[in-house]
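[1] One predicted model, sequence on top.
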Amino acid sequence: MGFFNKNIPFLNAFRGKLGSIAACRDGNSAAQSKRLTGISLAYGVNIHYEILGRQGSGWTILEVKKDRDTATKQAEQLWKSRKYTGVRVLKESFDQAENDVKSIEIYARGSNRKKSKYDETGTISPCLTPDDLYRHDGRRSIWDLMNSSLAEWRITPTELLHSLDHYYRLYNAGTRLQNAVQRTAVAFENEEGSIQERMRKIYKVIDLSIDIMKQTKDTVPSLETSRLAPIIVDLEEKPNKRFLLTCAIVEYLRPTITLSDKLGRVIIFLTASRPAWVMEILDQLISEYLMHEQVLFQLMGEKEDRAAFMVELAYFQSGELNLMGEDESSPRFSEEVLRLNGFLAENLLPRSAHVMLDRLKTEIEAPKPIGGSGLIEQLKGLSAIGEALESLHEDLHALDHVMEGVRARAGRLINSQSIADMLESLQNPIDQVNCLLDLEAVTVGDSNKRVVANFILPILSRPEYETVFMGLDQNPMRRMADLVSLQKRVLSAGLSEMYKRKIAAQLDQFCQIILDNTQVLKKIHQLNIGLQDKSRKILKMLSEDYFTDGSCRTAAEHQVRVYMRQPGFTEGLISGMKRKDAEAELLAFKILLEYAGIKEQADEPAPTEAVDEQAELDDGDMSSAI
């Protein structure tokens with residue numbers, strides 16, 4: 001019979017009131033009463049199989065199995081359900097000799113990044129016709145081949161392809177054009193013939209492009225009045241309208257000195273009512289200006305804290321820069337930036353957004369400090385960037401290449417030397433483990449988290465640290481609270497289940513040693529006070545987190561339950577009280593049970609079954625009760 005199912009006359013009426021009061025407190029008491037108890041069931045397990053599912057850019061542990069075949073079959077079913085873009089099974093094994101957890105992938109489906117249609121990086125595209133030269137991948141190849149010259153002249157591939165003046169400047173710039181053609185010819189992997197023959201083909205394409213510019217020179221409209229709308233109307237029916245309008249914009253921009261001024265002029269042309277083909281031209285131009293390294297710095301301001309700049313860039317790229325608010329007395333960003341941000345928010349500038357995402361990846365991979373000088377500070381910056389990206393994008397799969405960069409950069413930061421340097425000034429192993437858990441909290445990537453976890457286990461097993469963990473260096477009760485705090489942090493960390501179990505079990509073992517040495521539970525039992533007061537003392541210790549999950553907490557809970565099952569326990573709580581006071585006392589005891597994390601068990605023995613338990617408690621040896 002449960003504690004609140006005792007047959008006391010006024011309890012039937014009180015039970016309903018008590019239930020409603022407790023219901024009002026559920027939201028507040030849930031956090032107090034929730035306990036992680038999984039570790040107590042599997043301390044002896046050295047191998048398990050984690051099934052992970054991918055939704056967006058992150059992997060989540062879906063299930064943990066003890067059997068390999070069961071895990072792979074379950075993973076196959078999850079993959080066929082099409083709920084996940086990737087499914088993996090990891091075999092997690094604990095090597096007792098090395099005191100290390102090893103992870104091996106035994107099953108994998110999906111998870112390959114889908115290449116964006118705006119992703120033209122990584123290869124030089126040989127152009128066999130003028131149309132190839134003017135396509136997006138052709139322009140990207142020009143940038144890859146000649147970005148130094150383009151930066152020096154403060155122009156873009158589109159400007160080079162739509163202005164005879166810019167072409168003649170390149171033609172007269174020594175061997176720059178020849179070098180670019182030669183590099184392109186070498187990239188013709190699938191073409192027959194010598195490199196010289198391939199170069200002749202490329203020169204022929206360039207000559208044809210020059211002829212097109214010469215033939216259309218007199219038909220290019222003028223933008224002297226800076227009015228784009230009339231020109232769009234005049235060109236709407238022309239088959240080469242894109243080329244003519246681009247030439248007109250390039251000529252309009254040619255006298256402009258700086259790249260940021262050019263970009264500002266193009267941004268002014270942006271209007272939601274523009275035809276799609278016009279917006280594509282403006283998007284192409286803006287994206288190419290943004291490829292110049294200094295343009296974004298000039299737009300947004302170059303910051304010493306690179307992590308802050310990259311977080312802002314993540315918001316800018318997704319069109320959410322306005323969410324970052326204002327500084328104390330002035331707008332945080334210029335009207336020009338916010339105008340561009342608005343069009344990015346409406347997905348009207350996809351190429352510009354893609355270039356900014358690539359720039360973010362480049363900044364992440366750059367060999368410069370991310371933010372701050374310490375290891376944790378830099379990882380905090382990386383973590384903030386990853387969290388910003390994941391919160392801003394619905395299609396997280398498109399972020400794979402950037403998140404891979406975040407994880408790779410974190411991996412370069414986290415190594416044996418950097419962690420050893422971080423721990424060098426910390427003499428207390430409790431402080432060392434807390435520091436490593438701080439590090440884990442801002443670490444991105446499962447493999448990087450494993451590196452951190454592999455530093456925790458050896459600290460717990462070092463002989464010279466045993467006296468500290470056993471509380472022999474200070475108040476042992478305070479050390480029990482330290483162990484509970486560490487265990488909670490471990491169980492809530494982003495470590496694999498194998499690491500959590502091993503570390504949590506070791507902490508519980510230390511707490512059990514302190515419990516055995518101090519005989520706390522036995523001393524409470526031997527106090528010359530009633531069972532009710534003994535229960536309150538243990539419950540207070542449970543609520544104040546003196547017992548680690550595992551054998552220690554089980555022992556304390558067991559002793560309380562034994563007391564509660566004794567005949568007359570409930571009556572003793574309210575003996576001699578008036579009805580109102582008795583209700584308050586019962587409610588207070590129920591609240592104490594909730595704070596202690598003890599839930600009433602349906603299978604608790606009836607009071608008559610408690611006689612044997614009383615004999616157990618009366619025995620001088622408390623080990624059986626504990």
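    Ah, there it is. Just so it is clear, the model here is predicted, and its values are computed rather than measured.
[2] any chance you could map the helices in the stretch 451-600 of the chain?
    Assigned by DSSP state H, counting those that start in this stretch, the helices in the stretch 451-600 of the chain fall at 466-469, 476-492, 497-518, 520-526, 531-543, 551-564, 569-573, 579-595.
[3] Mind checking the ones you listed for the one nearest to residue 197?
    Closest to residue 197 of the helices of the stretch 451-600 of the chain, according to CB to CB: helix 497-518, at 60.5 Å. The C-beta positions use only the backbone N, C-alpha and C, and glycine is treated the same way.
[4] and the nearest residue to residue 527 once chain neighbours are set aside, what does it touch?
    Residue nearest to residue 527 in three dimensions, not counting chain neighbours: residue 534, with 6.5 Å by CB to CB, 6 or more residues apart in numbering. With CB atoms under 8 Å, 6 or more residues apart in numbering as the criterion, the residues that contact residue 534 are 524-525, 527, 563.
[5] which stretches of the stretch 101-250 of the chain aren't confidently modelled?
    Within the stretch 101-250 of the chain, the stretches with pLDDT under 70 are 101-102, 111-126, 188-192.
[6] 80 - rerun?
    101-105, 110-129, 187-193, 224-226 (pLDDT under 80).
[7] where along the stretch 101-250 of the chain do the strands fall?
    For the stretch 101-250 of the chain, no strands turn up when DSSP state E, counting those that start in this stretch is the criterion.
[8] From residue 431, how far out is the residue lying closest to residue 513 once chain neighbours are set aside?
    Excluding its sequence neighbours, the residue lying closest to residue 513 (CB to CB, 6+ apart) is residue 470, at 5.2 Å. Distance, residue 470 to residue 431, using CB to CB, to the nearest Å: 17 Å.
[9] same thing with residue 587?
    Look at residue 587 and residue 431: by CB to CB, they are 41 Å apart.
[10] How about residue 244?
    Distance from residue 244 to residue 431, by CB to CB: 70 Å.
[11] The two: who's more crowded?
    For the pair residue 244 and residue 431, the greater number of neighbours falls to residue 244 (19 against 13), based on other CB atoms under 10 Å.
[12] show me what contacts the more buried one?
    The contact partners of residue 244, taken as CB under 8 Å, 6+ apart, are 216, 219-221, 235, 238.
[13] Go through the residues you listed and flag which are in helices.
    216, 235 (DSSP state H).
[14] Between the contacts of residue 244, which sits nearest residue 501?
    When those are ranked by distance to residue 501 (CB to CB), residue 235 comes first, at 69.2 Å.
[15] Okay, and the residue nearest to residue 369 when sequence neighbours are not counted sits in which element?
    Closest residue to residue 369 apart from its sequence neighbours, by CB to CB, 6+ apart: residue 378 at 6.2 Å. Taking DSSP states H and E as the definition, residue 378 sits inside helix 375-392.
[16] Confirm residue 93 sits in a strand?
    Yes: counting by DSSP: H, G, I helix; E, B strand; the rest coil, residue 93 is located in a strand.
[17] so what's the backbone phi/psi at the residue lying closest to it once chain neighbours are set aside?
    Spatially, and ignoring its direct neighbours in sequence, residue 93 is nearest to residue 47 (4.7 Å; CB to CB, 6+ apart). Here the main-chain torsion angles of residue 47 (degrees, to the nearest 10) amount to phi -140, psi 130.
[18] swap in residue 519?
    phi 50, psi 40.
[19] Look up how far residue 527 lies from it.
    Between residue 519 and residue 527 the distance is 12 Å, computed by CB to CB.
[20] Equivalent analysis for residue 241, please.
    From residue 241 to residue 527 the distance is 94 Å (CB to CB).
[21] show me the contacts for residue 370.
    By CB under 8 Å, 6+ apart, the contact set of residue 370 is 306-307, 310, 364, 378-379, 381-382, 409.
[22] Of these, which qualify as buried by neighbour count?
    Taking 16 or more other CB atoms under 10 Å as the criterion, what is buried in the contacts of residue 370 is 306-307, 310, 364, 378-379, 381-382, 409.
[23] thinking again about what came up before, okay, the contacts of residue 534 in JSON lines with distance to residue 315 next?
    Putting those into JSON lines (distance: CB to CB, whole Å) gives the following:
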{"residue": "524", "distance to residue 315": "56"}
{"residue": "525", "distance to residue 315": "60"}
{"residue": "527", "distance to residue 315": "61"}
{"residue": "563", "distance to residue 315": "57"}
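[24] For the residues you listed, which entry has the maximal number of neighbours?
    Among these, residue 563 has the most neighbours (other CB under 10 Å), with 23 neighbours.
[25] Touching, that residue and residue 569? I think so.
    Yes: checked against CB atoms under 8 Å, the pair residue 563 and residue 569 is within contact range at 6.5 Å.
[26] For those two, list the residues in contact with both.
    Residues touching both residue 563 and residue 569 (CB under 8 Å, 6+ apart) are 531-532, 535.
[27] As JSON lines, those with neighbour count would be great.
    Listed next are the shared contacts of residue 563 and residue 569 as JSON lines, based on neighbours: other CB atoms under 10 Å:
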{"residue": "531", "neighbour count": "20"}
{"residue": "532", "neighbour count": "20"}
{"residue": "535", "neighbour count": "25"}
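[28] Just give me the closest of those residues to residue 209.
    Distances from residue 209 to the shared contacts of residue 563 and residue 569, taken by CB to CB, are shortest for residue 535, at 89.6 Å.
[29] residue contacts, the closest one?
    560, 563-564, 569.
[30] again, only this time at 6 Å
    Contacts of residue 535 were listed using CB atoms under 6 Å, 6 or more residues apart in numbering, and they are 560, 563.
[31] Tell me the spacing between it and residue 366.
    For residue 535, the distance to residue 366 - CB to CB - is 61 Å.
[32] And residue 269, by the same measure?
    Between residue 269 and residue 366 the computed distance is 32 Å (CB to CB).
[33] Compare those two and say which is more crowded by neighbours.
    Ranked by neighbour count (other CB under 10 Å), residue 269 and residue 366 place residue 269 first, with 20 against 11.
[34] re earlier: mind listing what's buried in the helix or strand following the helix holding residue 378?
    Downstream of helix 375-392, the first helix or strand assigned by DSSP H and E is helix 400-413. Within helix 400-413, the residues scored as buried using 16+ other CB under 10 Å are 400-403, 405-407, 409-410, 413.
[35] of those residues, closest to residue 196?
    Top of the list for closeness to residue 196, among the buried residues of helix 400-413 and by CB to CB, is residue 401 at 36.9 Å.
[36] From residue 357, how far off is that closest one?
    Residue 401 sits 8 Å away from residue 357, taking CB to CB as the criterion.
[37] what do you get for residue 405?
    For residue 405, the distance to residue 357 equals 10 Å [CB to CB].
[38] which neighbours do these two share?
    By CB under 6 Å, 6+ apart, residue 405 and residue 357 have no common neighbours.
[39] okay, now the domains of the protein?
    3-14+435-618, 40-110, 118-219 (automatic domain parsing).
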